[in-house]
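Engineer: kindly generate the corresponding structure for this input.
(2 chains)
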Protein chains: 2
Amino acid sequence: MSVILCQMIRVAEYKAPMTRRITPVILCGGSGTRLWPLSRPERPKPFLPLLGEQSLFEETLARLTQEDVFAPPVIVAGAAHVALIEEQLAGRAAHIIVEPAARNTAPAIALAAEWVKDGPMLVCPSDHHIADTDVFHAAVRVALTGAAAGRLMTFGIAASYPETGYGYLERGRALSKGVYEVARFEEKPERARALAFIASGRHSWNGGLFLFQAAAFLAELASYRPAIAEGCAAAMTQSTSNGARIHPDADAFAAIKGESIDYAVMENSDKVAMVEADMGWSDIGSFASLAEHLPRDADHNAARGRVDVVNGQNLTVLAGGKRVSVAGVDDLIIVVDGDDILITRAPSAQLVGQLPGAKGE
Amino acid sequence: MSVILCQMIRVAEYKAPMTRRITPVILCGGSGTRLWPLSRPERPKPFLPLLGEQSLFEETLARLTQEDVFAPPVIVAGAAHVALIEEQLAGRAAHIIVEPAARNTAPAIALAAEWVKDGPMLVCPSDHHIADTDVFHAAVRVALTGAAAGRLMTFGIAASYPETGYGYLERGRALSKGVYEVARFEEKPERARALAFIASGRHSWNGGLFLFQAAAFLAELASYRPAIAEGCAAAMTQSTSNGARIHPDADAFAAIKGESIDYAVMENSDKVAMVEADMGWSDIGSFASLAEHLPRDADHNAARGRVDVVNGQNLTVLAGGKRVSVAGVDDLIIVVDGDDILITRAPSAQLVGQLPGAKGE
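Structural biologist: Numbers count the residues shown, from 1 in each chain, chains lettered A, B, ... in the order given. Purely as a prediction, here's the structure:
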């Protein structure tokens, strides 16, 4: 039903005059240690072809390329990944803001907002999967009406199960068609609380997507975190550029205390609102999440590479260049990359980040 | 108690005159597919350092080197393994009978018996582990008294649990001190039957060890399997030798129909008798069996090589040259060799032989 609703909205939006295209702001800061050994510091999660031919970053670029809606993206990333980004941009127009240091999402987004200055910007993680692009686009158009009214829009993802690894948004009263107040931001819940959220019908996952006027965000940031706002403004005023690369001033940026956009702005501002959408979103945050998106055979096994199984079901095996043979075991996730072999299970996949290998040891 | 009893017997035996030293006959015919990928056709189970520094073949040689008891061994093996055998003999005196074809144990032992001609021979698999060498030696001396009386002696291994993968011997009436008739040879039993064997107190494992006068064995073989006896006699009459290597005639040997010593002779002959011994024997026939013999840490994990575990117990990991990381999984056996990675569990370890890799595919 939400698809039909959103598509109706989308058709309506196409008729509305677009004063300005949306600038996508793609954040490439995540390390993806829970996807080690596939994800490694020199080749992290956004840039891996986890679900098919394309990397999650390439998927993200692809769904932000409608030229009537989106301006060329601004990508915020560390220096270590600029070469990978330029390779995967494959000639697409984009600007890359090279963060001099990692300072979490509020400063990263503020750098982009300083660059955009005026007009709407859509903040997207570079490492999430969205199965239903049409619903995503429809939700963006609805959110744009909120952003045009000066609101900081966030996206509530229809919560299909009681995930304890995500934050939640509680829907408040309706503000306009499809736009709601956020009654409450909820941290990653315990399982009982997550079950209650699912039962409530008012809670959705916080997908880390935001849409707002750059100036509206910067004004709220200046209210609640003036030091971050001033530091980012200074870093961009003193920035240098090199082709499509923009280098904020390192000293000004390094002096900032890092904080997430949720803590710094969204949980404080009374201008926050939300759009709900069932867009087939996943953060592919662990091998359990990745495993859910892979095609499976009659034994419910998902295999990539050379995999032999005798009496084994519900296996997820990414064999790398090796041969993986399984005899009489079910429910495993097996990942091979180079000289590293990881073995875990879906309920334990969050533990992967604690392994010495994932911590670079 | 059996240790004390056997040591008493051993001391007694030392005083008895030894008419002739025992010739060990070491059979190297097993393929060990259930230990793939460690065991491979070109480097099979007997020649691998599975339990420590020494291979099972080297262990076997080491426990047969008391010069007052044992003559240099006769090793029966296929041509493919002669180089490995000579390497692991490391200069020890031995003869190697090179089988022109694989024809199971009755013909292999008959070749050795033809070579020994007269005097006692102790038939030993090359790929078994015996933890308590003193008990083994004591049992050999007891068996020697039976063999001197013309009996075909077999060894009943104290059965410590209801293993369904081994054959069993049922003890009959006593013939002389520590020597018993074999009431019955039992094939690998179903679990209920194995439990009944353990409960009976009369059943022990058939360890595949035999001690007899070469001539006594050949006479019984001639009675029950004249074709095998004649074929082996012809193959040895027409054999050639090259240093320590003895090459039976290929045509004569190839014409023989292969059969195990149990089927061809032991289950038919009324000259069969047994000695019981609790010698810490294992055939290391699967990774489950190997896992039982490895040292374990406080989490009951056994690791060889680089192994990292977060929340995992009762793991057996042989990491080869790779790094194996386990997060939140228990009770696995993980074996890495070159580009092959095997994952199984102890109750399923018998399935390993069914994997394409184990079958050379």
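
Engineer: how about the nearest residue to the most centrally placed residue in chain A, chain neighbours excluded?
Structural biologist: With the centre of chain A defined as its mean C-alpha position, the nearest residue by C-alpha atoms, centre = their mean is A:Pro125, 2.8 Å away. Leaving aside its chain neighbours, A:Pro125 sits nearest to A:Gly208 (5.1 Å; criterion: C-beta to C-beta, 6 or more residues apart in numbering or on different chains). For every residue, glycine as well, the C-beta is placed using N, CA and C.

Engineer: so A:Ala229, which of the three states?
Structural biologist: helix (DSSP: H, G, I helix; E, B strand; the rest coil).

Engineer: got any ranges where chain A has weak pLDDT?
Structural biologist: Chain A contains residues with pLDDT under 70 at A:1-19.

Engineer: what segments of it are helices?
Structural biologist: A:2-15, A:56-62, A:82-89, A:105-116, A:133-148, A:191-200, A:214-224, A:226-237, A:250-254, A:261, A:287-292 (DSSP state H).

Engineer: mean neighbour count and distance to B:Gln350 for those helices - can I get that in JSON lines?
Structural biologist: JSON lines is the format used below for the helices of chain A (neighbours: other C-beta atoms under 10 Å in any protein chain shown; distance: least, C-beta to C-beta, whole Å):
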{"stretch": "helix A:2-15", "mean neighbour count": "14", "distance to B:Gln350": "51"}
{"stretch": "helix A:56-62", "mean neighbour count": "21", "distance to B:Gln350": "42"}
{"stretch": "helix A:82-89", "mean neighbour count": "16", "distance to B:Gln350": "47"}
{"stretch": "helix A:105-116", "mean neighbour count": "25", "distance to B:Gln350": "53"}
{"stretch": "helix A:133-148", "mean neighbour count": "22", "distance to B:Gln350": "49"}
{"stretch": "helix A:191-200", "mean neighbour count": "14", "distance to B:Gln350": "38"}
{"stretch": "helix A:214-224", "mean neighbour count": "20", "distance to B:Gln350": "63"}
{"stretch": "helix A:226-237", "mean neighbour count": "19", "distance to B:Gln350": "62"}
{"stretch": "helix A:250-254", "mean neighbour count": "17", "distance to B:Gln350": "61"}
{"stretch": "helix A:261", "mean neighbour count": "24", "distance to B:Gln350": "56"}
{"stretch": "helix A:287-292", "mean neighbour count": "21", "distance to B:Gln350": "28"}
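
Engineer: which of those sits closest to B:Asn104?
Structural biologist: helix A:287-292 (46.2 Å; C-beta to C-beta).

Engineer: now for A:Pro125: which residues touch it?
Structural biologist: A:Pro125 makes contacts with A:Ile26, A:Leu27, A:Gly30, A:Thr60, A:Gly208, A:Leu209, A:Asp283, as judged by C-beta atoms under 8 Å, 6 or more residues apart in numbering or on different chains.

Engineer: swap that for A:Arg34, sorry
Structural biologist: Taking C-beta under 8 Å, 6+ apart, one finds A:Gly285, A:Ser286, A:Phe287, A:Ala349, A:Gln350, A:Val352, A:Gly353, A:Ala358 in contact with A:Arg34.

Engineer: same thing but 6 Å
Structural biologist: By C-beta atoms under 6 Å, 6 or more residues apart in numbering or on different chains, the contact list for A:Arg34 reads A:Ser286, A:Val352, A:Gly353.

Engineer: next one: A:Pro37
Structural biologist: A:Asp337, A:Asp340, A:Leu342.

Engineer: and of these, the nearest to A:Leu175?
Structural biologist: Closest approach to A:Leu175 among the contacts of A:Pro37 (C-beta to C-beta): A:Leu342, at 45.8 Å.

Engineer: nothing else from me, thank you.
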